[in-house]
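Engineer: task: produce atomic coordinates for the following.
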Amino acid sequence: MARLTVSATKGNLLKIREEYVLAAEALTFLEEKRDLLLEELLRLQAQAVKMRRAMVRALEYAYQSLTAGLLALGSNAVARAALGVEGDDRVFLKDRAFLGMPMPIVEFQPGSRRPQFSFGSTVSSLDECQLAIREALGQITALAEVEAVLWRLAGELQRTVRRSNALNYVMIPSYRETIHYLEGALEEREREALFQLKRVKARKTKRA
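Structural biologist: Next comes the predicted model:
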């Protein structure tokens, strides 16, 4: 691993040692963050699978109810009944923090549950279809939140792994190599200085 290009001074050695300690601490933090992100990612993936199944079941039931209504009344009658339906469901978006990152919160607020079709001109399957669609909308909203969080967690996990790898395989080995080089160079310089000092003392002793 290539060392950093710095001159062999005690000041630089102290500076590189401090940066090495900080890099090691940063690596520990990133590894802990990576593990937390991965754990949350796996948990949400399993949750998303269950939520998707529930959403599909609700949509299938809504489709079955609509099909029953079409068979009983015909498409024109169902279309006329649908014109009188007023949608009062609401979706709200918020943010929450997770490991310092903003994560979306998608809240579904269902409207009135009272039937919006005339009892005399429609069949109960249309009411069941309306309720099933509302149930499906709640499932879709919840799933949308989880999948949005999953995308953000996956992106953050990728960045965290990339940074930890850069520290673990590039920066920290470079600091170690540089520290080893500076320590060796300074020790060699001290030995040289000591040797020169002994030579000077020996000359003075001979002259005396």
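
Engineer: show me where this structure has helices.
Structural biologist: 10-73, 75-83, 124-166, 172-207 (DSSP state H).

Engineer: among those helices, which is nearest K94?
Structural biologist: helix 124-166 (9.9 Å; Cβ to Cβ). From N, CA and C alone the C-beta is placed, and that goes for glycine too.

Engineer: who touches the most centrally placed residue in the chain in this structure?
Structural biologist: With distances taken as Cα atoms, centre = their mean, L153 lies nearest the centre of the chain, 1.7 Å away. The contact partners of L153, taken as Cβ atoms under 8 Å, 6 or more residues apart in numbering, are 37, 40-41, 44.

Engineer: one more time with 7 Å, if that's ok
Structural biologist: 37, 40-41 (Cβ atoms under 7 Å, 6 or more residues apart in numbering).

Engineer: and it, how far from T178?
Structural biologist: Using Cβ to Cβ, to the nearest Å, L153 is found at 35 Å from T178.

Engineer: closest one to A97 among the helices of the chain?
Structural biologist: Closest among the helices of the chain, using Cβ to Cβ: helix 124-166, at 11.8 Å.

Engineer: and E187, how many neighbours does it have?
Structural biologist: 10 (other Cβ atoms under 10 Å).

Engineer: give me every residue that touches A58.
Structural biologist: 132, 135-136, 139.

Engineer: what is the neighbour count of the nearest residue in space to I172 that is not next to it in sequence?
Structural biologist: Leaving out its chain neighbours, the residue that sits closest to I172 by Cβ to Cβ, 6 or more residues apart in numbering is A23, at 5.3 Å. A23: 18 surrounding residues under other Cβ under 10 Å.
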